[in-house]
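A.B. asks: Predicted model and sequence follow; I will ask about them next.
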Amino acid sequence: MQIIHAKQALTPTGWQSDVEVTLDAGGRIAGLGPQLRAPTSRVALLLPAPLNLHSHAFQRAMAGLTEARGPDPKDSFWSWRRLMYKFLDQLSPDQVEAIAALVFMEMLEAGYGAVAEFHYLHHDVGGVPYRNLAEMSERIVSAALTSGIGLTLLPVHYQFGGCDLRPLNGGQQRFGNDPDRFMRLHTDAVGAVALGAGDYATGVAPHSLRAVNPEGLADILGQAGSGPVHMHLAEQVAEVDEVFSHLGARPTEWLLDNYAVDDRWCLIHCTQMTEAETAALAKTGAVAGLCPLTESNLGDGIFNGTTYMGQGGALGVGSDSNVHISLFEELKTLEYSQRLRDLSRAALATKDRSTGRVLFDAAAKGGAQAGGRDSGRIEVGLWADLVGLDDDNQWLCNRQGDAALDSLIFGGGGKSCVRDVWSAGRHVVKEGRHSRRDAIVSNFKTVMRQLETNI
Ligand code: ZN
C-alpha cells in the first residue's frame with residue numbers, strides 16, 4: 001500500500017490542504033484522509049494526471065524534421081508528407097515499439113497518466129499483413145507495459161485514400177483493411193490488450209470521413225463493442241470541402257445528422273466548424289479532442305473554445321503527431337489561440353474559476369471520458385492516475401490553489417515542476433525522472449540511427 005501526503009490536492013470538492021491519499025495494491029485510490037502510517041511519498045501539489053486523448057506514437061520520430069518548404073510554396077505539407085511516407089517504407093515492429101516506449105515515457109514525465117493511442121500502422125511495407133494480424137497492436141501494448149503508462153488502444157479502420165473511394169497507395173497501404181479484416185484485427189487487438197495491465201482498455205477509431213465510407217462506418221460501429229469511438233473530424237478546409245462535395249454536408253454536420261453522437265464519442269481536432277456546428281457538438285456530450293501544439297504546427301486552424309465551452313461542451317487534449325510532449329503547453333496554446341483570435345484575455349476563465357483551473361479541470365474530465373477510463377479525479381475507487389508537483393522552485397514557491405495551476409501553465413515551469421507520476425498506482429516517475437529512462441532512450445537512439453530521414 002502507498003500513502004501520498006500532499007500539502008495541497010485538487011479534489012472533486014476543490015483544493016484541500018494536508019491530504020493523505022492511500023493507494024491499494026490494485027492501483028486504485030482506496031482512501032482520502034489522515035493515516036496512522038507514515039507516508040511513502042510527499043508532494044507539494046497533487047493533481048489528477050490527465051489522459052492524453054490522441055497520439056500517433058510512431059510520428060514522434062519525425063519531430064523537428066518536417067519544418068522545411070518544398071518546391072511549391074503553396075504546398076506547405078510537402079516536407080511532412082514526404083517524411084511520413086519515407087518512414088512508412090522503413091518502420092519495423094521493433095522500431096515502432098522502441099519509438100512508442102519513448103513517447104509514452106515522455107508523456108508520463110510531462111504529467112499525463114494514460115494515453116489513448118489512435119493506432120493505424122497495422123501492416124508490413126506494401127500493405128502485406130503480418131502473420132499475426134495484430135502484431136503492431138501487440139507492440140503498442142508492449143511499449144505501454146515497458147513505460148507503465150495507462151493505455152486505451154484504439155485500432156483504426158482506414159480503407160480509402162479519399163471520399164471518392166480511391167484505393168490506398170504507397171505508405172498508406174500499411175494502414176488499410178476492409179471492414180471484415182479490420183474486425184478480425186480488432187478482435188485480436190482486444191485480446192492483446194486483455195493480456196496487458198488490468199487498467200488497459202480498448203475502443204475503436206474509424207479514421208475519418210475521408211478514409212471510411214458510410215457503409216464501413218456503420219459496419220464497424222455495429223460490431224466494435226461498447227468502448228470509446230474516436231474519429232478525426234473537420235481538421236482542415238480541404239477536408240471540409242471534400243466531404244461536402246461527396247456527402248452533401250460539412251463533416252460535423254453530416255456526422256451529427258447521421259449518427260446519435262453521444263458521450264461515447266471523441267472527435268479529434270474540430271478546428272473547422274461553424275458556430276452552429278460548434279454549439280450542436282457541445283450539446284451531444286461528446287468530447288472534442290484538441291491537439292493545440294500539433295494543430296499549430298500543421299496550421300490547421302483555431303478551435304472555437306469560447307463558444308464550445310460556453311455551451312457546456314466537453315473537451316480534452318492530446319499530442320497527436322507528438323511533435324512536442326507537454327501537457328501544460330497544450331493547455332496554454334489552446335487558451336492563447338482564443339486570445340489571439342478575439343483580442344481578449346482570460347478567454348476560457350469563468351466567474352469562479354481561473355483560466356488554468358478551467359483548462360486543467362476540462363482536460364482531466366474530458367481525457368478520462370474519451371479514454372473510457374475510471375480516472376480524472378482524486379476520488380476513492382478510481383484508478384490512481386496522479387501527478388505530484390514540487391513547489392521548491394521560482395514558479396510555485398508562494399502559489400496556492402488556482403494560482404498554482406495558472407503559474408504552472410502560463411508562468412513557466414510546467415514540466416520541470418513534475419516530480420512524481422503514478423499511473424493506476426504504478427509509481428513510474430520519481431524526482432522528475434522515469435524509472436526506465438536510460439534504457440528507453442538508448443533503444444530510441446539506436447532506432448533513430450537506423451532510420452533514413454533525408455528527404
Ligand atoms: Zn491524429
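C.D. replies: Great, that's in hand. Treat the numbers as computed from the prediction; the structure is a model and nothing was measured.
A.B. asks: Quick one: the strands in the stretch 251-400 of the chain, in order.
C.D. replies: For the stretch 251-400 of the chain, strands defined by DSSP state E, counting those that start in this stretch occupy the ranges 265-269, 287-290, 314-317, 386-389.
A.B. asks: can you list these in a markdown table and add mean neighbour count and distance to residue 66?
C.D. replies: C-beta here means a position set from N, CA and C on the backbone, and glycine is covered the same way. Shown next, in a markdown table, are these (neighbours: other Cβ atoms under 10 Å; distance: least, Cβ to Cβ, whole Å):
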| stretch | mean neighbour count | distance to residue 66 |
| --- | --- | --- |
| strand 265-269 | 27 | 18 |
| strand 287-290 | 30 | 21 |
| strand 314-317 | 26 | 21 |
| strand 386-389 | 27 | 30 |
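A.B. asks: Now residue 405: closest residue in space that isn't a chain neighbour?
C.D. replies: residue 356 (3.7 Å; Cβ to Cβ, 6 or more residues apart in numbering).
A.B. asks: Once you drop chain neighbours, what's closest to residue 80?
C.D. replies: Nearest to residue 80 is residue 66, by Cβ to Cβ, 6+ apart, at 4.2 Å.
A.B. asks: those helices in this structure, which residues are they?
C.D. replies: Using DSSP state H, the helices of the chain run over residues 78-88, 93-110, 135-147, 179-194, 214-223, 237-247, 251-258, 275-284, 292-298, 305-310, 327-342, 355-371, 401-410, 437-450.
A.B. asks: circling back: among the strands of the stretch 251-400 of the chain, which is nearest residue 32?
C.D. replies: Across those, residue 32 has its closest neighbour in strand 386-389 (11.8 Å, Cβ to Cβ).
A.B. asks: Identify all contacting residues around the closest one.
C.D. replies: The contact list for strand 386-389, computed with Cβ atoms under 8 Å, 6 or more residues apart in numbering, reads 4, 6, 21, 41, 43-49, 111, 113, 378, 396, 404, 408, 417-422.
A.B. asks: re earlier: got the strands of the stretch 251-400 of the chain as a markdown table, with mean pLDDT columns?
C.D. replies: Shown next, in a markdown table, are the strands of the stretch 251-400 of the chain (pLDDT from 0 to 100):
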| stretch | mean pLDDT |
| --- | --- |
| strand 265-269 | 98 |
| strand 287-290 | 98 |
| strand 314-317 | 98 |
| strand 386-389 | 98 |
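A.B. asks: Now do residue 167 against residue 345, distance only.
C.D. replies: 50 Å (Cβ to Cβ, to the nearest Å).
A.B. asks: That should have said residue 280, apologies.
C.D. replies: Taken as Cβ to Cβ, the span from residue 280 to residue 345 is 28 Å.
A.B. asks: what about the two, which has more around it?
C.D. replies: residue 280 (18 against 10; other Cβ atoms under 10 Å).
A.B. asks: So what's the residue count around the nearest residue to residue 309 once chain neighbours are set aside?
C.D. replies: Nearest residue to residue 309 in three dimensions, chain neighbours excluded: residue 348, at 5.8 Å (Cβ to Cβ, 6+ apart). Under the neighbour criterion other Cβ under 10 Å, residue 348 is assigned a count of 24.
A.B. asks: Format the CA atom coordinates belonging to stretch 426-446 as CSV.
C.D. replies: C-alpha atoms of stretch 426-446 as CSV (Å, rounded to 0.1, in the frame of the first residue of the first chain):
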residue,chain,number,x,y,z
ARG,A,426,2.4,2.5,-10.8
HIS,A,427,4.9,5.0,-9.5
VAL,A,428,6.8,5.4,-12.7
VAL,A,429,8.2,9.0,-12.4
LYS,A,430,10.2,9.9,-9.3
GLU,A,431,12.3,13.1,-8.8
GLY,A,432,11.1,14.1,-12.3
ARG,A,433,12.6,11.1,-14.0
HIS,A,434,11.1,8.0,-15.4
SER,A,435,12.5,4.8,-13.7
ARG,A,436,13.5,3.2,-17.1
ARG,A,437,14.6,6.4,-18.8
ASP,A,438,18.2,5.3,-19.7
ALA,A,439,17.2,2.0,-21.4
ILE,A,440,14.2,3.5,-23.2
VAL,A,441,16.2,6.5,-24.5
SER,A,442,19.1,4.2,-25.5
ASN,A,443,16.8,2.0,-27.6
PHE,A,444,15.2,5.0,-29.2
LYS,A,445,18.6,6.4,-30.2
THR,A,446,19.5,3.1,-31.8
